[in-house]
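**Q** A predicted structure for the sequence below; I have some questions about it.
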Amino acid sequence: MKIIKHILLLSVAVLAASYFVNGININPIWIALVVGVVLAIINLVIKPIIKILTLPINILTLGLFSIVINVAIFWFVGNSNLIKGFSIDTWQAALYGSIIIAIVSWLGERIFGSNDD
C-alpha cells in the first residue's frame, strides 16, 4: 500500500511540475501516472546506488549534491524517450521541476503520513 501511495504522490507532483514549469510536457494527462511509476522504480533501485557512489562529494557539499542527483534523474527520464508523451525541454525546467516534485512529495508525506498498517 505504501508504494501505491508513493506512486500516486509522485504522479501528482509531476502534474504540478508540468503545470507550473514551462518546458515540462505531459500529453495525455495519464502519462503522469506512468512517470510516477518510473520515478518510483528509479528511486527504489538506482538512486541508492548513485547516493553511495557519490557519498564523498555529497559530504563535501553538505548534502547539496543530492539536488544534482534528483535533477539528473528527472532530466534522464524526460529526455530518454523512455515514456512517449513526457518530455523536458531544458535542464532549467528539470531543476525547477525537481524542486516542485520535492516540495509536493514532502507536503504529501506530511499530510498523508508515511506509516502504513
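**A** All right, it came through fine.
**Q** what's the local residue count around the residue nearest to Thr54 when sequence neighbours are not counted?
**A** With sequence-adjacent residues excluded and distances taken as CB to CB, 6 or more residues apart in numbering, Thr54 is closest to Phe65, at 6.0 Å. Placement of C-beta: from N, CA and C, glycine included. Close neighbours of Phe65, defined as other CB atoms under 10 Å, add up to 17.
**Q** do the same with the one 10 residues further on
**A** The burial count assigned to Trp75 is 18, neighbours taken as other CB under 10 Å.
**Q** so that it lines up with my notes, have the first residue be 18 from now on.
**A** Yes, from this point I'll number from 18; that puts the last item at Trp92.
**Q** just checking, it is part of a strand?
**A** No - judged by DSSP: H, G, I helix; E, B strand; the rest coil, Trp92 forms no part of a strand; its state is helix.
**Q** residues contacting it?
**A** Ile105, Trp108, Ala111 (CB atoms under 8 Å, 6 or more residues apart in numbering).
**Q** same question, Asn75
**A** Lys68, Phe82, Ser83.
**Q** mind redoing it with 7 Å?
**A** By CB atoms under 7 Å, 6 or more residues apart in numbering, the contact list for Asn75 reads Phe82, Ser83.
**Q** do the same with Ile74
**A** If you count contacts by CB under 7 Å, 6+ apart, then Ile74 has Phe82 around it.
**Q** run the chain-centre distance for the helix or strand harbouring Pro73.
**A** In the assignment (DSSP states H and E), Pro73 maps to helix 72-77. Centre-to-centre, helix 72-77 and its host chain are 21 Å apart (CA atoms, centre = their mean, to the nearest Å).
**Q** check what pLDDT Asn98 gets.
**A** If you check Asn98, the pLDDT there is 84.
**Q** if I look at it, how far off is Leu70?
**A** 25 Å (CB to CB, to the nearest Å).
**Q** one step back: keeping just the C-alphas, turn the helix holding Pro73 into CSV.
**A** Taking Å, rounded to 0.1, in the frame of the first residue of the first chain, the C-alpha atoms of helix 72-77 are listed here in CSV:
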residue,chain,number,x,y,z
LEU,A,72,28.8,9.9,-0.9
PRO,A,73,32.2,11.7,-0.7
ILE,A,74,31.1,14.7,-2.8
ASN,A,75,27.7,14.7,-1.0
ILE,A,76,29.6,15.1,2.3
LEU,A,77,31.8,17.8,0.9
